[in-house]
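Colleague: All I have is the shape, not the residue letters:
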């Protein structure tokens, strides 16, 4: 599928639980990304020339519980955003480490692990190397 394939997901930590990232750390990491606008209430928008991701981060006691993300974007942009949200340390200490996450794809109401969701939506772009963040 192409980068113009729309998605709307809830992104959870491993096994559908909370993430190991702290809200304030993620807010700081997202603030470093050009063309990504993050608000203290957890809302975000990241825009490119022909793509956009909107979202909302939900926390409890400082720990991220899940992220609501929707839009259409190239896989490398999606993965960069996901890694900045999921990984408690960014960049990850182990290069090319695949983050563990659960994804509820709201469009078709299907639940997947992160890598399976990426292969379904982005096909070869994600299947070739599901652990790289840039080309």
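Modeller: Yes, it's here. Everything numeric in this text was worked out from a predicted model, so none of it was measured.
Colleague: Correct me if wrong: residue 42 contacts residue 54.
Modeller: No. Using C-beta atoms under 8 Å, residue 42 is not in contact with residue 54, being 11.9 Å away. Every C-beta, even on glycine, is put in place using the N, C-alpha and C of the backbone.
Colleague: What is the distance between the longest helix belonging to the chain and the centre of its chain?
Modeller: When the chain is scanned for its longest helix (criterion: DSSP state H), the result is helix 75-86. On the basis of C-alpha atoms, centre = their mean, to the nearest Å, helix 75-86 sits 4 Å off its chain's mean C-alpha point.
Colleague: Against which helices or strands is it packed?
Modeller: strand 7-12, helix 23-30, strand 52-60, strand 63-72, helix 114-122, helix 124-127 (3 or more C-beta pairs under 8 Å, 6 or more residues apart in numbering; DSSP states H and E).
Colleague: Give me the contacts around the fourth one.
Modeller: For strand 63-72, the external contacting residues (C-beta atoms under 8 Å, 6 or more residues apart in numbering) are 3-13, 18-23, 26, 51-59, 81, 85, 106.
Colleague: do the same with the first one
Modeller: Contacts of strand 7-12 with the rest of the structure, by C-beta under 8 Å, 6+ apart, involve 18-19, 65-72, 82, 85-86, 101-107, 114, 117, 121.
Colleague: same check, this time on the shortest one
Modeller: For helix 124-127, the external contacting residues (C-beta under 8 Å, 6+ apart) are 3, 74, 75, 76, 79, 115, 118, 119.
Colleague: Right, I'll call it a day here.
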